[in-house]
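>>> Provide a 3D model corresponding to the input given below.
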Amino acid sequence: MIDKNIKLLKILVVAGGWSDEREVSLMSGKNVFSTLKRDKFNVIFLDIKKNNIDQILISKPDIIFNSLHGEFGEDGGINSYAQKNNILITHSGAISSALCFNKRLLKYFLKKELNILSPKEIAYKNKIKFPVISKPNWGGSSKGIKFLNNMKELTKTINNHQNLIEEIIYGKELTVTVIENNNKIISLGVTEIEFENQHYDYIAKYTKNKSYHFLPARISKLQYDFLMKTSKKIFHVCGCKGIGRLDYIMNQKNGKIYFLEMNTHPGLTKLSLAPEQANYQSISYLNLLKKILRSSL
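A predicted model of the protein is given here:
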């Protein structure tokens, strides 16, 4: 009955946008659109740009499936726009999206609320152990990440508040997808990611055979269960909805697990981690989309 009700709704898949993750957003959005279309959903597609936002209202959708990444899509922008115009929208709300989009703010929030361990931010120029890592405080897909090897490189970056400069933790890259399933928050699994590049960059993420996924991750049951439970707690305390993906790194020396970031709009491409983890729990790509849609009703 619920599926029939969803099929009666006019769904607008919004993708593209103007962030540096536009290409990935289009891949995700087209995958979502073609899957729903194939299953006879009442669905239309919008490649959104700064000059055609009004097309959302012209389309008169009952619900927006938000496939945008980066600015306007993940920072609470489109969520606020939808709310203002009384249109339902998938994924987390405006406040949760804005919180999770700001890596520095989210780290402080989770330290206070759940005492979550994360890499130390480099704030002072004395007693720094190089190399350190610089990444944009906003944004995803590993764009803009740099390794800083000396004081000269650090000085150019440290005064730019748009960047987050942290100690480097060497170890296993781990990720957990969390979804809402029949009003319950569930973790789908812990994936360990191996790659040949210096870090898990854009090429490693979106090029076939450039990274290798181990699901379940090659870690102890205690560590696995810790990540599954912690991810649900973070999703809940941040007030997230629908789906989220949480990234961690496990220190190769002492086994400590550090939280890196939370993605409220994880990729839904054919190479993305979230659909892979859903499949591991026998949830098809179509059923994953249905769960995301249901959570916003």
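>>> just give me the residue closest to the centre of this structure.
residue 263 (2.1 Å; CA atoms, centre = their mean).
>>> which residue, other than its chain neighbours, is closest to that residue?
In space, and not counting its chain neighbours, residue 263 is closest to residue 245: 4.5 Å by CB to CB, 6 or more residues apart in numbering. Quick note: C-beta positions are derived from backbone N, CA and C, even for glycine.
>>> pLDDT on the strand or helix carrying that neighbour, on average?
Per DSSP states H and E, residue 245 falls inside strand 243-251. The average pLDDT for strand 243-251 rounds to 98.
>>> what's the answer for stretch 171-189, then?
Rounded mean pLDDT across stretch 171-189 is 96.
>>> which strand residues bridge the nearest residue to residue 65 once chain neighbours are set aside?
Spatial nearest neighbour of residue 65, excluding adjacent residues (CB to CB, 6+ apart): residue 13 at 4.6 Å. The partner list for residue 13 in beta bridges (DSSP bridges) reads residue 45, residue 65.
>>> residues near residue 13, how many?
27 (other CB atoms under 10 Å).
>>> what do you get for residue 256?
There are 11 residues near residue 256, going by other CB under 10 Å.
>>> with the one 10 residues further on instead?
A count of neighbours around residue 266, defined by other CB under 10 Å, yields 24.
>>> now it. Nearest residue, chain neighbours left out?
Residue 266's closest residue in space is residue 245 (CB to CB, 6+ apart), at 3.8 Å.
>>> equivalent analysis for residue 233, please.
residue 114 (5.9 Å).
>>> measure the one you found to residue 238 for me?
Note on residue 114: its distance to residue 238, by CB to CB, to the nearest Å, is 10 Å.
>>> who's more crowded, those two?
residue 238 (23 against 15).
>>> the more buried one contacts residue 261, correct?
No. Using CB atoms under 8 Å, residue 238 is not in contact with residue 261, being 11.7 Å away.
>>> shared neighbours of the two, anything?
Shared contacts of residue 238 and residue 261, defined by CB atoms under 8 Å, 6 or more residues apart in numbering, comprise 100, 106.
>>> low-confidence bits of the protein, can you list those?
Residue ranges of the chain with pLDDT under 70: 1-4, 124-126, 139-143, 159-161, 197-210.
>>> got the domain ranges for it?
Following automatic domain parsing, one gets these domains for the chain: 2-90, 99-118+169-295, 132-167.
>>> list the buried residues of the last one.
Taking 16 or more other CB atoms under 10 Å as the basis for neighbour counts, the residues of domain 132-167 that come out buried are 132-142, 144-146, 148, 153-154, 158, 163-166.
>>> what separates it from the chain centre, distance-wise?
Taking CA atoms, centre = their mean, to the nearest Å, one finds domain 132-167 lying 20 Å from the centre of the chain it belongs to.
>>> same check on stretch 85-101?
That offset, for stretch 85-101, works out to 13 Å (CA atoms, centre = their mean).
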